[in-house]
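1. here you go, sequence then predicted model.
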Amino acid sequence: MDNDVAFYRELPKVELHAHLNGSVSFQTIEKLISRKPHLNIEHSMTAIGKGQLRTLDECVIHKLVDTEEDILMVATDVIREFAADGVKYLELRSTPREEKETRLTKKSYVETVISAIQQCKNEGVDIDVRFLVAIDRRNGTEVAMETVRLAEEFMLSSDGLVVGLDLSGDPTVGHGKDLLPALQRAKNSGLKLSLHLSEVPSQLEETDLLLNLPPDRIGHGTFLHPAVGGSQSLVDKVVKHNIPLELCLTSNVKGSTVARYSDHHFKYWYQLGHPSVLCTDDKGVFCTDLSQEYQLAASTFGLSRADVWKLSQQAIDCIFAPEAVKQQLKQKWNDLHPRLFK
Ligand SMILES: CNc1ncnc2c1ncn2[C@@H]1O[C@H](COP(=O)(O)O)[C@@H](O)[C@H]1O
Ligand SMILES: [Zn+2]
């Protein structure tokens, strides 16, 4: 295959770090805007430029997505887009929200995302989708515990679709120690944990504390290693527990926590041979997709197509779905290999 774009799109991929509302595409936002003309929103308010604060556009997207109908459309669109980009396994994450005006509850929010996943499955979209219920750290201890209870309930009733919990939200707000009891409880009840850790500098204490859980995956981990103000002991903990990292190149560069692509910590962890999974974070907000992230990593760090293949294949071992799903995916990768390397 000579065409780069086609290679990266056809490359079977695993996406493990995608916030639902940050993943909404331009096209879907247009549909939402036309549904709600009274909001007077222009599309320019929802995309992000370099160095801009992300909280700005989040508010806009959340205003546009405030009914079950909106969530259903947004989630099915996002799932279909990932599938069209060659993603074969997707873990979506989202923070359950309630909206008094539209009678949206946190429970119906999660139910609607689950319906979207089932609908895509029934339509035969070629992608296995699971859901991580997100805790927004800005909302504090009690909401965190309430979210864990909700996730527990759905873990038991969603036919295996709800597999875990995410900790996200503005990394500069609140402290992980206040969320520890909720996260500990989630872990004990069998929910897998993916935590945004060291997304910004100077969080060594919080990171160290949360690593003791230990989480099942780390989002970003941008400032874990000593060269950027982290520490060897944090790195040692991550390595000892073999905790995979979810790495989002464009998100970090556009969000300005990493100055340029060549400085991205992908290099550090990849050279260590530590499980690292390329992800998009917010493909809508940052105008990217997963095939572009793989292509960027390859061109920035000099990966061959064989290296890229291995990277996407090794991501299978980092998913939260059970072993049988991993085996199915490995089979799928084997079946697709000859098409990409003929
Ligand atoms: C860029 N780095 C990031 N760091 C931390 N949290 C982030 C994030 N990007 C997105 N989110 C989290 O995802 C929410 C939007 O999707 P949902 O409404 O949950 O689907 C944001 O409100 C924030 O909590
Ligand atoms: Zn994230």
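-> Done, it's in. None of the values given here were measured: they were computed from a predicted structure. Numbers count the residues shown, from 1 in each chain. Ligands and ions are numbered 1, 2, ... in the order given.

2. can you get me a residue count around the nearest residue to Ala116 once chain neighbours are set aside?
-> Closest residue to Ala116 apart from its sequence neighbours, by Cβ to Cβ, 6 or more residues apart in numbering: Ala75 at 3.4 Å. C-beta: built from backbone N, CA, C; applies to glycine. Residues near Ala75, counting by other Cβ atoms under 10 Å, number 28.

3. quick check: which element contains Glu246?
-> Under the criterion of DSSP states H and E, Glu246 resides in strand 245-247.

4. and what of Val143?
-> Assessed by DSSP H and E, Val143 sits inside helix 140-157.

5. could you pull out the helices for the protein?
-> Secondary structure of the chain (DSSP state H): helices at 4-10, 26-35, 55-64, 68-84, 106-122, 140-157, 180-188, 204-211, 232-240, 249-254, 266-272, 290-301, 305-314, 323-340.

6. roughly how far out does the last one sit from the chain middle?
-> A distance of 22 Å separates the C-alpha centroid of helix 323-340 from that of its chain, computed with Cα atoms, centre = their mean, to the nearest Å.

7. the inter-axis angle of that helix versus helix 305-314?
-> 160 degrees (axes from the mean of the first three to the mean of the last three Cα atoms, to 10 degrees).

8. list the buried residues for helix 323-340?
-> With burial defined by 16 or more other Cβ atoms under 10 Å, the residues of helix 323-340 counted as buried are Val325, Leu329, Lys332, Trp333, Leu336, Leu340.

9. give me the lowest-pLDDT entry from those.
-> Lowest in pLDDT among the buried residues of helix 323-340 is Leu340, which has 95.

10. residue numbers of this protein in contact with ligand 1?
-> Residues of the chain lying near ligand 1 by Cβ under 6 Å from any ligand atom: 19-22, 54, 58, 94-95, 134, 136, 168-169, 171, 196, 199, 251, 255, 281-282.

11. mind checking which of those residues land in strands?
-> The strands, defined by DSSP state E, take in His19, Ser94, Ala134, Asp136, Ser168, His196 from the residues of the chain next to ligand 1.
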